[in-house]
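Chemist: sequence unavailable; structure follows:
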């Protein structure tokens, strides 16, 4: 018998939905169209802390969404030498 993993509201979002949710919550950091911005190193910790009390998304889903977002061609194209990285509120972060 295989065990079934029960999804909770925090884990029910698909990766695409999670990226859209992050773009909604942090529009100066994440974008769904156009040119992406390079993200601050360690951004996961900031996002996880900011959404710790959020019932809609879990740390696991945040991690999956960040992985997919940063592996997309739009994001990789934006990561050029000298490009400024941004934090969750769009602030420059190196």
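Modeler: Arrived safely, thanks for sending. Predicted model only: the values in this text are computed from it and were never measured. Numbers count the residues shown, from 1 in each chain.

Chemist: just for this protein, where's the confidence low?
Modeler: Residues of the chain meeting the criterion pLDDT under 70: 1-11.

Chemist: ok, longest helix in it?
Modeler: Looking across the chain with DSSP state H, the single longest helix is helix 59-71.

Chemist: which residue is the nearest non-sequential neighbour of the one residue sitting closest to the centre of the chain?
Modeler: In the chain, the residue lying closest to the centroid (C-alpha atoms, centre = their mean) is residue 66, at 3.8 Å. Sequence neighbours aside, residue 44 is the residue nearest to residue 66 in space, at 5.7 Å (criterion: C-beta to C-beta, 6 or more residues apart in numbering). (C-beta placed from N, C-alpha, C; glycine too.)

Chemist: pretty sure the one you found is in contact with residue 65, am I right?
Modeler: No: counting by C-beta atoms under 8 Å, residue 44 stays clear of residue 65, with 9.9 Å between them.

Chemist: now do the phi/psi pair for residue 19.
Modeler: Backbone torsions of residue 19, given as degrees, to the nearest 10, read phi -60, psi -40.

Chemist: so how far is residue 40 from it?
Modeler: 17 Å (C-beta to C-beta, to the nearest Å).

Chemist: return the set of buried residues in the longest helix of the chain.
Modeler: For helix 59-71, a neighbour-count test (16 or more other C-beta atoms under 10 Å) marks 61, 62, 64, 65, 66, 69 as buried.
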